[in-house]
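Fold the following and give me the result.
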Amino acid sequence: MQLDALRRAFLNHYHTEPLLIVSPGRVNLIGEHTDYNEGYVLPGAIDKTIAVALSPSGNDTCEVHALKLQQTDRFQLSTLTRGEGWQNYVRGVVHFLLHNGYQVQGFHAMIDGDIPIGSGLSSSAALEGAFSFGLSELFQLRVAPLELAFIGQQAEHQYVGVRCGIMDQYANIFGKRNQLIRLDCRSLKHVYYPFQFPDYRIVLCNSMVHHSLASSAYNERRQQCEEGVALLKKYHPEVKTLRDVSQAMLHEHIREIPPQIYMRCMYVVEENERVLLAGTCLQEANLEMFGELMYASHTGLQKQYEVSCEELDYLVELTLNREEVIGARMMGGGFGGCTINIVHRDGLEDFKQYMTSQYEKKFHRVPEIYVGQIVEGVHVVD
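Now for the predicted structure:
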């Protein structure tokens, strides 16, 4: 993605210099489907980004061009309603800025980016962050960082229809270069852990199976977790979410909990424990154990939470006997998207060729492979 090209396109169309915002996608090293259960996650911002060029329109009209899609959305602030598809991420952010009392004015915007849609890198949170942060900067609204994350989440809930947790938006806003964020999704406080292993790379293998988190399965998993909590509450009134549940507690009530609900809950409880242990591994620079936790996470997502798919499982299976791979697992909501792998740089090219050839042979589809770095969260480009 060329920021200069975006700036020139904006200048040619609107004849004014734009404010340029770069908003990263995110990877989550471990801690999947724990965020909406008030658990722990370990994400970081990654150098696949959405860029937005912005300027005031001088009236009530908002006009947004999505360059890659060759689509334009126009709406008035005074009569703001839902749109379709990607439009709702932008409109939802504008709605909740206004709803929270911020004096948003009309604007012109152009969007470009290189986050693959549907890959599990959270292009949605990157788009929400670009506009919540960008409009705050453009109109000097001084919205606090945590509120920016909440506004993105509210847009997703109310305008898009996905009851997502806060992790994606949080990582987009609070990301730091070479740092992972261990976020406590209950207190919304975080600790940074260094991810500085110069001999290793974060590599994403895109299954090219595109998913939508608005699918019923995502919301169904959330509902199943809530059902498990409701059953346990009868015996343990202190339980508010699965964050408050232990493995022993689940074992104690195994007969009262339907088997499928039990599996969903056990996965979340074990995954929270893995995230806490992963933080210790980073502190001790124990990347080998960190990798083992990633594999255990994938097994849980595959067999207990049942949000993987044949393609993701195969991509993880391919890494098991590769010396250059420390760990791998599916990442994101599931049912497609990417696996995340930690790969030694010396074996990177062999890894890419092997994964591509084996996957193409089995599924007649070429996986895209991205080598990423942990980068700064959403920011203005000078």
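
For stretch 227-242, buried residues please.
Taking 16 or more other Cβ atoms under 10 Å as the neighbour-count basis, stretch 227-242 is seen to contain the buried residues 227-229, 231-232, 239, 241-242. Yep, even glycine has a C-beta here, placed from its N, CA and C like the rest.

Could I get these in CSV, plus columns for pLDDT?
What follows is the buried residues of stretch 227-242, written out as CSV (pLDDT from 0 to 100):
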residue, pLDDT
227, 97
228, 98
229, 98
231, 97
232, 97
239, 97
241, 97
242, 97
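
now, which of those residues sits nearest residue 133?
For those, the minimum distance to residue 133 (Cβ to Cβ) is 28.7 Å, reached by residue 241.

Off-centre distance for the longest strand along the chain?
Using DSSP state E to assign secondary structure, the strand with the most residues in the chain is strand 43-56. A distance of 13 Å separates the C-alpha centroid of strand 43-56 from that of its chain, computed with Cα atoms, centre = their mean, to the nearest Å.

Packing partners of that strand?
helix 3-14, strand 19-28, strand 107-113, helix 123-138, helix 167-174, strand 179-184, strand 368-372 (3 or more Cβ pairs under 8 Å, 6 or more residues apart in numbering; DSSP states H and E).

Give me the buried positions along the helix ranked longest in the chain.
Ranked by residue count and defined by DSSP state H, the top helix of the chain is helix 259-283. Residues 261-272, 274-275, 277-279, 281-282 are the ones in helix 259-283 that count as buried (16+ other Cβ under 10 Å).

about what we covered before: among the buried residues of stretch 227-242, name the ones in strands.
Among the buried residues of stretch 227-242, no residue falls in strands (DSSP E).

out of those, who's nearest residue 208?
When these are ranked by distance to residue 208 (Cβ to Cβ), residue 242 comes first, at 32.2 Å.

and the next element down the chain from whatever helix or strand residue 329 lives in?
Here residue 329 sits within strand 325-330, counting by DSSP states H and E. Using DSSP H and E, the helix or strand that directly follows strand 325-330 along the chain is strand 338-344.

taking the mean pLDDT, what do you get for that following strand?
Per-residue pLDDT over strand 338-344 has a mean of 96.

Alpha carbons of that strand, as CSV, please.
What follows is the C-alpha trace of strand 338-344 in CSV, where atoms were taken according to Å, rounded to 0.1, in the frame of the first residue of the first chain:
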residue,chain,number,x,y,z
CYS,A,338,-5.4,-17.8,8.7
THR,A,339,-3.1,-19.9,10.8
ILE,A,340,-0.5,-18.1,12.7
ASN,A,341,3.0,-19.7,12.9
ILE,A,342,6.3,-18.8,14.5
VAL,A,343,9.0,-19.7,12.1
HIS,A,344,12.8,-19.5,12.2
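
got the angle for it vs strand 368-372?
Orientation check (axes from the mean of the first three to the mean of the last three Cα atoms, to 10 degrees): strand 338-344 against strand 368-372 gives 50 degrees.

what sits up against strand 338-344?
Residues lying outside strand 338-344 but in contact with it, judged by Cβ atoms under 8 Å, 6 or more residues apart in numbering, are 27-29, 119-121, 197, 199-207, 287, 290-291, 294, 298, 312, 315-316, 319, 323-332, 351, 370.

at 7 Å what do you get?
Defining contact as Cβ atoms under 7 Å, 6 or more residues apart in numbering, one finds that strand 338-344 is touched by 27, 29, 119-121, 199-207, 287, 291, 312, 315-316, 319, 324-332, 351.

same question, stretch 76-85
When contacts are defined by Cβ under 7 Å, 6+ apart, stretch 76-85 is touched by residues 60-62, 73, 88, 91, 94-95, 98, 104, 106, 159.

Pull up the distance across it, start to finish.
Criterion Cα to Cα, to the nearest Å; first-to-last residue distance in stretch 76-85 is 18 Å.
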